[in-house]
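Output the structure for:
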Amino acid sequence: MNRKTITCKINGVQKEFLVDPDTRLQTVLRDQGYASVKFGCGEGACGACTIIMNGEAVYSCILYAFQADGQEIWTTEGVGSLDKPHPFQQALVEEGAVQCGFCIPGMIMSAKALLDREPDPSEEEIRLSMDGNICRCTGYEKIWTALHKVIAQGKGRES
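Numbering: from 1, shown residues only. The predicted structure is shown next:
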């Protein structure tokens, strides 16, 4: 196989990787320690592997690593911190929205991409942006409450 060197910025840090042509981006990110990028379905159906690439929420399990060459990527590790969580992360905690936690990183990335693009989205925009994220615990009600809380407080653009 013809391995290729790719460079990309992950969570604000320039990185370089040597990848095989058939390596998925999700695999590279997990191998590099980005544990928030979950493997759920491997076919872009559950949202567990959602990252933000160039401002858009995308499924890393269906992207080849070479497609990230020259791109800017954000994972949940780059969103907020324990001391200063993103408003959506804080709202998830306040609303008790985290059950098993498997879906939460993908939910955070989809919500962040939406809020970065549109801090006061319509209900239709919210549904379209969050539609690709499945919660296996069916904790949607509290997740939606947390997202609506952030929007109502006007904190959508805070990082």
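
Let me see the ranges of the helices in this protein.
For the chain, applying DSSP state H gives helices covering 25-31, 87-94, 104-117, 123-130, 140-152.

Any chance of CSV for those helices, columns mean pLDDT and distance to G80?
No exception for glycine: its C-beta is placed from N, CA and C like everyone else's. Converted to CSV, the helices of the chain look like this (pLDDT from 0 to 100; distance: least, Cβ to Cβ, whole Å):
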stretch, mean pLDDT, distance to G80
helix 25-31, 97, 18
helix 87-94, 95, 5
helix 104-117, 96, 8
helix 123-130, 95, 18
helix 140-152, 94, 12
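
any chance of those helices in CSV, plus mean neighbour count and distance to S81?
Shown next, in CSV, are those (neighbours: other Cβ atoms under 10 Å; distance: least, Cβ to Cβ, whole Å):
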stretch, mean neighbour count, distance to S81
helix 25-31, 22, 19
helix 87-94, 21, 9
helix 104-117, 24, 13
helix 123-130, 14, 23
helix 140-152, 18, 17
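
Take those helices and lay them out in JSON lines including distance to K15.
Listed next are these as JSON lines, based on distance: least, Cβ to Cβ, whole Å:
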{"stretch": "helix 25-31", "distance to K15": "9"}
{"stretch": "helix 87-94", "distance to K15": "24"}
{"stretch": "helix 104-117", "distance to K15": "18"}
{"stretch": "helix 123-130", "distance to K15": "27"}
{"stretch": "helix 140-152", "distance to K15": "30"}
